[in-house]
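Structure for this input, please:
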Amino acid sequence: MPQYAILIYEKELPGGVADIPPEVMEANLRVGEQIEAMGARVVHEQGLQPVARTKTIHKGGLVTDGPFLETKEVIAGFFVVETEDFDTAVAIGKLLPIMDGAVEVRPLFEP
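Presented below is the predicted three-dimensional model:
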């Protein structure tokens, strides 16, 4: 079954996860059950640490602090779902509560 990466972009909060409003956190916790009800499966999910802990490696091996792009939104987390088609993956992405950012859905190469 095809797999899709769902990338969550949000503005970085000063207190990290502790600053996420409770209603947003609760909505996030309910998404797993909703995904299963759609006949899809979460293959992997992961939150990311703050961008202050990020290093970017450039062509030629130069290593710099922070993310490659200068933007207020960062990738806050991601997960991979396995589902029958792209439309269902987009529907899964729509389940996620968005505070100020966006959710990107991208098909993965099949092994």
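
switch to C-alpha atoms for all contacts and neighbour counts from now on
Fine.

which neighbours does the worst-scoring helix or strand of the chain on mean pLDDT have in its sheet, and in what orientation?
Within the chain, no helix or strand scores below strand 55-57, which has a mean of 85 by mean pLDDT, DSSP states H and E. Here strand 55-57 has these sheet partners by DSSP bridges: strand 63-65 (antiparallel).

Check which element follows the partner strand along the chain.
strand 73-82 (DSSP states H and E).

tell me which residues in the next helix or strand after that next one are buried?
Downstream of strand 73-82, the next assigned helix or strand under DSSP H and E is helix 86-94. Across helix 86-94, burial judged by 16 or more other Cα atoms under 10 Å covers 86, 88, 89, 90, 92, 93.

How about the contacts made by the last one?
With contacts taken as Cα atoms under 8 Å, 6 or more residues apart in numbering, residue 93 has the following neighbours: 6, 103, 104, 105.

can you rerun that using 7 Å?
6, 103, 105 (Cα atoms under 7 Å, 6 or more residues apart in numbering).

how near is it to residue 27?
According to Cα to Cα, to the nearest Å, residue 93 and residue 27 sit 13 Å apart.

on that earlier part again, mind putting the contacts of residue 93 in a markdown table, pLDDT included?
What follows is the contacts of residue 93, written out as a markdown table (pLDDT from 0 to 100):
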| residue | pLDDT |
| --- | --- |
| 6 | 96 |
| 103 | 93 |
| 105 | 95 |
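
ok, back up a step: need the residues that contact the least confident helix or strand of the chain.
For strand 55-57, the external contacting residues (Cα under 7 Å, 6+ apart) are 63, 64, 65, 66, 67, 68.
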